[in-house]
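**Q** What shape does this take:
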Amino acid sequence: MKRTLRTNALLLSLMLTMPLLAASGKKDKKGPEEKKKTEGIKDLGEVTKKCSARAGLFTLYQDTANGELYILVKKSQLDQDFLHFSQVADGVVDAGAFRGGYGDSRIFRFERYFDRVEVRLKNTRYQFDPESPLSKASSANINEPVVVAEKIAAANKAQDSLLVRAESLFLDEGFEQLKWPAPKGAEDWWFDLGKLDKERSKVLDIRNYPMNTDVVSEYVWTNSYPRNRGSEAVTDPRSVAIRMHHSLIQL
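**A** Numbering: from 1, shown residues only. From the prediction side, this is the model:
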């Protein structure tokens, strides 16, 4: 009788504790993919507390100490089409960049891949009738490249607000090429900008609106030993600045 009571008590104890153990296991359990996605990503508030914020289509945060720029991409903005438009705010004709000159207009998407956010350009040169059987091969052999890939610098707890550094968007040639190589046979007289100096390049102005995010950037190229010193408009060919106006626009 005593043995039966002892056995029943043990079974009852196991029945009560097993659901708790299972719940605890479920709570702490995180798949390898989810761990890789969030590993090393800082808390959003921790990074943005030292930044000034500019709300708009894409909220921009700028570090008040060093000027580093971040862009906030919401989960609802991932895998959506946006337009990038650019125009020369100021430059030099020698470099093929003059005030008012239009850059390329590109359709792009923000995509998440584990611990980074990528910018993928869309090819808009082809159209397919969705009712046609040919539309099944509409993406075949069409190049839609990733032109920017940035590690996620911070995110909120829900992982639906992702903060990434914005220099590769506005202070690099990810969206479009600004420096062009010399044509064959023109190396001696071609005005060569040299190398893009990321230490001297900077964001000059930010204007943010509900339907578009605008940034004016100054790109600085350096060339220690230029062959062609350029026109009188070039103050010093060893350092040339071009200012670009970037717009990210809601479609």
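**Q** Tell me which stretches of the stretch 1-150 of the chain form strands.
**A** 42-43, 51-54, 60-63, 69-74, 82-90, 106-113, 116-121, 146-155 (DSSP state E, counting those that start in this stretch).
**Q** Paired strands for the third one, with orientation please.
**A** The one in question is strand 60-63. Sheet pairing of strand 60-63 (DSSP bridges) gives strand 51-54 (antiparallel), strand 69-74 (antiparallel).
**Q** Please identify the most buried of those strands.
**A** strand 69-74 (a mean of 21; mean count of other C-beta atoms under 10 Å). (C-beta placed from N, C-alpha, C; glycine too.)
**Q** so where's the protein uncertain?
**A** Applying pLDDT under 70 to the chain flags the ranges 1-38.
**Q** Measure how buried Gln177 is and give me the count.
**A** Neighbours of Gln177 under the rule other C-beta atoms under 10 Å: 10.
**Q** Flag every buried residue along stretch 241-251.
**A** The neighbour-count check on stretch 241-251 (16 or more other C-beta atoms under 10 Å) flags 241-248 as buried.
**Q** just stretch 51-68 next, same as before
**A** 51, 54, 56-62, 68.
**Q** Same check on stretch 73-88?
**A** 73, 77, 82, 84-88.
**Q** How far off centre is that stretch?
**A** 9 Å (C-alpha atoms, centre = their mean, to the nearest Å).
**Q** Throw the strands paired with strand 60-63 into TSV and include distance to Glu118, thanks.
**A** Converted to TSV, the strands paired with strand 60-63 look like this (distance: least, C-beta to C-beta, whole Å):
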stretch	distance to Glu118
strand 51-54	23
strand 69-74	11
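**Q** Show me the one of the ones you listed that comes nearest Leu121.
**A** strand 69-74 (16.2 Å; C-beta to C-beta).
**Q** Excluding sequence neighbours, find me the nearest residue to Arg106.
**A** Among residues not flanking Arg106 along the chain, His84 sits closest, at 4.7 Å (C-beta to C-beta, 6 or more residues apart in numbering).
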